[in-house]
Structure formats: structure tokens, C-alpha cells
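# only geometry, no sequence info:
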């Protein structure tokens, strides 16, 4: 009882400075990325499916759909890039959900750090992974014969557009990650939304042969716009309206899901 | 500032369930408070409120003099939390886990490194420090988890069932670590379902049941609350046991429990013991064991709550994440 004043000294900071917030965010981004060092397969885990699709679609359906595997690869790779980027937002949801179920999220929240750092750190890390996956698929595609026929600016533009749309989509991933009861459920929810979304678009096949009701949906489907835009940026063609619609969709996603995700996050914080 | 932890009238509902129903907690600096109670009694909810992870529906709480809702940031900078689950990043090594916390707390890189190594050594994890923690045993993870909550040298430490699911050896190891922290003057709030744990470690104990504090005091005070001591008599020859039972019933006015080859009965007046000994002698019964002891916390718990602490074994998971 006599040591009261010595055991509990004054605490200096009342809140987190912007610089500290940035440093905390980078530390948590580092944390998500350094995992790759211990588990290099993690990246491949998420890339193996698009590579499998790339091989299967190119060599099984390619001839039937486009008349030649080479033509089909040229058509489908941009679509596969889109599919991959959207599936990749999954890793944000799974990572977040794993942190919550394992208690790591609580540990972070009990530390005197910026409330947003656990979220922003993860999203930065996942963006880095997006870039890596993009490079991997483009590289693998080029080995199989894919060629960027526009320019390096088209390539960078495609990457930038994918990253922006993926960031907007990650709000949905964050919401799922916060709300789902376990990582397996996250996987299930994400898979059963992403799969139909990408298949009912022009990402993997030209939508001309769709029945009219499906064509109508496909023309609205954000994946169609995004795939068309990426295709235009990589192999030429009209990019203006597709890019515009993609960005509008991204804005719509962010406007709808960001407040919901932030509310779910707040109730956790 | 009189108390390191001070809570008044904490209330928390989950739907219709009252996880906390008006709880008061006081812990003077440098003391260890044991919060004892069965699963679902509200222990974890109380810890989560005090550790700023959950807002109470009613009531106030301060930790180190700071309000847990209005001055949460200051509270966070002086607390450490070890939960029921070892909250370590399984993909990182032990060293990286500790290093990350140091960096998050704003320690320079070199200091974070030094602190991580120091803690790994202290918790006997130096050899495993370079391995991903998913390869660790349960006991190692708990130790790392505790180490992680100590990186920032907290003055108040919350240990929420730190030994649940640990084997006896790891449990004893963790106890000695906690004793070491006590020696450093850290204030600790420890929740446990294990009466023995509270008995071993806690200066003061409060007993939770159904979201309420139903008893509080030191271990000895609680044991005295039943007002009874326990007499155990084991006759040398087992066939004498019914005879022992008769004598005890006769003297104490209450039938003893006859199991395991011995008779066990509550004794409110120690003067009854010489009487019993004389009567047994008269009957020619030789006791191989005759002991008068304080009630164990187990018996205290039973007498206060009407049920044993193990009774409600399955309900706390929902509380932990609600």
C-alpha cells in the first residue's frame, strides 16, 4: 500500500500521432508479408487455381471457344487476372477472420496503437500480394505465349485498375472476415459469390453466345466491365467506357460496404 | 490513486443473458486478485471490459486511474493481456511475434530485438525462438503469449484462464512465472476455474457466479465462511467403517460421507473431536488416519453456489467472442 505512487507512474501519450500510426501500419503489413518467408506456399496456394484455370481453359476449351489455343489465351488471360484479383481479396477476409478467431486481434486491440492499424496494415500487405500475383500470372501467361500488344503503360494501367477495384472489393472482404464465425466459412461465402460472378461475365468466354437474360446480366456484371477494361489495356480495343464502369462499380462497392465494414469493425473495437 | 483496478456496478448483457450483473472489483497496486468461477460466470466479460476490449452497458471502471472507456488509450499503454487462447501469430516465429509487439509499442528496432531475446530467455524459449509458433506445444504457446503481454512492461496484467488446458507441469511453470511478476510489483488480475490455482497464487479472491460476485476475501477468509472444518477418519480395518459412521452421526448429529474407505464430516465445534476419539476408542476402533482440516476452496465453492465449479463446462466459448 505504501508503494502506490511508485508502481503507477503517469502515462505520457493520450493518442496516437500520425507518424506512429504509419509506423504501426507498416509493422503490421510487415507481419503479414514476413509470413511468406516461413510459408512460401501461401502465395502459390492462391495462385495455383488461376494457373490451373489458365492451363485447363487454354488447352481444353481454347480450341473450341476461339478456334485456337493461342487466340484463346490472348482473350482469357486478362479475364483470369480479374478472377484472380477478386479471389485474392479473400485472403484479406481469411487473414482478418483468423486473427479474430485466434485472439490475435484482441491482443492488437489491447495495445496502445491506432485502431485502424490492424486493418490498414493487412490491406497494404494484401495489395503487395496482389501485385505479386499479377506479375506471376502475366509471367506464366507469357511463357505460354501471351503477348501484351499495347504498351508498358497499358500494363501498368491494368495493374493499377485491378488494385483499385480490389481495394474497393476488400471492404466486402473485411465485412465477411469480421462477421463470419470461422475461416472455413469465409472461404465458402467468398467462393460461392465470386465463382458465379466471374463465370457469368465476359471474363473467360465472349458473352455473345449467352441466352438473352444471361447476356443482360453479364452486361451489368462488374466483372464483365473490369475484364473488358483489362483486356483493352493489355491487348488493345475500347477501354474508356469499360474502365469508367469498372471504377463506378468500385465506388459503388466502397460506398455500400465501407460503412457496413466500418460499423462491424467498430463493434469489435 | 488507491486502487490499480477499480470497477463499480459493471453490467453487460448479451441479448437476454446478463453476463455481468452489477460487479464491483477492487485491486490495490501490487496485489494479485483471483477471480474464481465456473464457465459462463462472466469472468472473461469482466476482463474484456477492464482491458478496453468491450464497453460495459452500465457501471464504471478505471485501470491505473484511467477510465476504461473514456481514456482507453492510456489504459492500453499500461496493461498486458493474456487471454484464454494463446494469441500469437502462428505463422511468425516466437522472436518475430515479440519483436512485432515491441515495434508496435514504438520501441526502436534494436530495443525491440533485445527485449524479444530477453523475454524468450526468461520464458525458456530461446531455442525455439526462431521457429514458427505453429510448431510450438500448448505450454510453449502460452508462455510466448504471456511474454508477448510483457513486452511493454505493463503495470497491470490481466491473465484470463492462463492455464486452462495446460498439463500439470506447464501449469506449475506458469505459476512460478506469475509469482516472479508479483515480486516485480505488477498488479495482476487472474481468472481461473481452478480453485487450487486461486489458492496458490491469489492474495485476494472473488467468486463469480451468474454474473455476480457472490463471495470475496482471502483464501483463508473464504475457507472460514463455511464455518466448518472437515474431519476425516479412516479406520485401520475397513469393516469398522459403518461403526465409525454411527459414532460420527451420534456426536455431530449429521450422517458423514462414507466413501473411499473413510468417513468425512463437517465439524462446527472442534470440541467434538476429543469426544469422537474417546468414543471410537471405547468401541475398539483403531484409526489409521484421523485429521481435522480447513474446508478446501472446492467445498467453499459448493457451499456458496450449491454446485461444484465443474458443473457448467461448455458455455464459455460463446461468451469469449460475443
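Arrived safely. Computed from a prediction, not measured in an experiment: that's the story for all the values here.

# Get me the contact residues on the stretch 51-200 of chain B for chain A.
Within reach of chain A by C-beta under 8 Å from any C-beta of the partner chain, the stretch 51-200 of chain B has these residues: B:51-53, B:64-66, B:71, B:73-74, B:76-81, B:83-93, B:96, B:100-101, B:103-106, B:132, B:148-149, B:152, B:155, B:185, B:187. Yep, even glycine has a C-beta here, placed from its N, CA and C like the rest.

# Surely residue B:68 touches residue B:61?
Yes. With the criterion set as C-beta atoms under 8 Å, residue B:68 and residue B:61 qualify as a contacting pair; they are 4.6 Å apart.

# shared neighbours, these two?
By the contact definition C-beta atoms under 8 Å, 6 or more residues apart in numbering or on different chains, residue B:68 and residue B:61 are jointly contacted by B:49-50.

# From the residues of the stretch 51-200 of chain B next to chain A, keep the buried residues only.
When these are checked for burial by 16 or more other C-beta atoms under 10 Å in any protein chain shown, the buried set is B:51-53, B:64-66, B:71, B:73-74, B:76-81, B:83-93, B:96, B:100-101, B:103-106, B:132, B:148-149, B:152, B:155, B:187.

# now stretch B:284-297: how far from the chain's centre is it?
Chain-centre distance of stretch B:284-297: 28 Å, with C-alpha atoms, centre = their mean, to the nearest Å.

# and that stretch, which residues are buried?
Of the residues in stretch B:284-297, B:285, B:287, B:290, B:295, B:297 count as buried by neighbour count, 16+ other C-beta under 10 Å.

# Which of these fall in strands?
Using DSSP state E, B:287, B:290 are the members of those that sit in strands.

# quick one: which of the buried residues of stretch B:284-297 is nearest to chain A?
residue B:297 (25.5 Å; C-beta to the nearest C-beta).

# if we can go back for a sec, among the buried ones among the residues of the stretch 51-200 of chain B next to chain A, name the ones in strands.
Per DSSP E, the subset of those in strands is B:66, B:79-81, B:187.

# now residue B:158, what's its secondary structure?
Look at residue B:158: counting by DSSP: H, G, I helix; E, B strand; the rest coil, its state is strand.

# how about low-confidence regions in chain B?
By pLDDT under 70, the weakly predicted segments of chain B are B:1, B:226-227, B:296-298, B:305-322.

# Show me the helices in it, by range?
In chain B, helices defined by DSSP state H lie at B:43-50, B:72-76, B:94-104, B:109-122, B:138-150, B:168-183, B:195-201, B:219-225, B:241-252, B:272-282, B:297-305, B:316-321, listed in chain order.

# next one: chain A
In order along the chain, chain A carries the following helices (DSSP H): A:4-7, A:18-38, A:41-56, A:62-66, A:69-102, A:104-109, A:117-144, A:152-179, A:183-199, A:212-220, A:222-235, A:240-268.

# and those helices as JSON lines, adding distance to chain B, mean pLDDT and mean neighbour count?
Formatted as JSON lines, the helices of chain A follow (distance: least, C-beta to the nearest C-beta, whole Å; pLDDT from 0 to 100; neighbours: other C-beta atoms under 10 Å in any protein chain shown):
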{"stretch": "helix A:4-7", "distance to chain B": "4", "mean pLDDT": "39", "mean neighbour count": "13"}
{"stretch": "helix A:18-38", "distance to chain B": "4", "mean pLDDT": "89", "mean neighbour count": "18"}
{"stretch": "helix A:41-56", "distance to chain B": "8", "mean pLDDT": "75", "mean neighbour count": "15"}
{"stretch": "helix A:62-66", "distance to chain B": "38", "mean pLDDT": "85", "mean neighbour count": "16"}
{"stretch": "helix A:69-102", "distance to chain B": "6", "mean pLDDT": "88", "mean neighbour count": "23"}
{"stretch": "helix A:104-109", "distance to chain B": "4", "mean pLDDT": "90", "mean neighbour count": "22"}
{"stretch": "helix A:117-144", "distance to chain B": "8", "mean pLDDT": "89", "mean neighbour count": "19"}
{"stretch": "helix A:152-179", "distance to chain B": "12", "mean pLDDT": "91", "mean neighbour count": "21"}
{"stretch": "helix A:183-199", "distance to chain B": "12", "mean pLDDT": "85", "mean neighbour count": "16"}
{"stretch": "helix A:212-220", "distance to chain B": "38", "mean pLDDT": "92", "mean neighbour count": "13"}
{"stretch": "helix A:222-235", "distance to chain B": "31", "mean pLDDT": "93", "mean neighbour count": "25"}
{"stretch": "helix A:240-268", "distance to chain B": "9", "mean pLDDT": "88", "mean neighbour count": "16"}
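
# In JSON lines: those, plus distance to residue B:40.
Output for these, formatted as JSON lines (distance: least, C-beta to C-beta, whole Å):
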{"stretch": "helix A:4-7", "distance to residue B:40": "33"}
{"stretch": "helix A:18-38", "distance to residue B:40": "33"}
{"stretch": "helix A:41-56", "distance to residue B:40": "37"}
{"stretch": "helix A:62-66", "distance to residue B:40": "59"}
{"stretch": "helix A:69-102", "distance to residue B:40": "19"}
{"stretch": "helix A:104-109", "distance to residue B:40": "19"}
{"stretch": "helix A:117-144", "distance to residue B:40": "28"}
{"stretch": "helix A:152-179", "distance to residue B:40": "24"}
{"stretch": "helix A:183-199", "distance to residue B:40": "24"}
{"stretch": "helix A:212-220", "distance to residue B:40": "48"}
{"stretch": "helix A:222-235", "distance to residue B:40": "45"}
{"stretch": "helix A:240-268", "distance to residue B:40": "22"}
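
# any idea which residue sits dead centre in the chain?
Chain wasn't specified; assuming chain A. Centroid check for chain A by C-alpha atoms, centre = their mean gives residue A:89 as the closest residue, at 2.9 Å.

# looking at chain B here, not the other one
To find the centre residue of chain B, average its C-alpha atoms and take the closest one (C-alpha atoms, centre = their mean): that gives residue B:192, at 3.0 Å.

# gap between that residue and residue B:31?
When C-beta to C-beta, to the nearest Å is applied, the distance between residue B:192 and residue B:31 equals 16 Å.

# What of residue A:60?
Counting by C-beta to C-beta, the gap from residue A:60 to residue B:31 is 71 Å.

# Looking at the two, which is more packed in?
The residue with more neighbours, out of residue A:60 and residue B:31, is residue B:31; 19 against 12, by other C-beta atoms under 10 Å in any protein chain shown.

# got the contact list for whatever residue of the stretch 1-150 of chain B ends up closest to chain A?
Using C-beta to the nearest C-beta, the single residue of the stretch 1-150 of chain B nearest to chain A is residue B:87, 3.4 Å away. By C-beta under 8 Å, 6+ apart, the residues touching residue B:87 are A:102-104, A:106-107, B:145, B:148.
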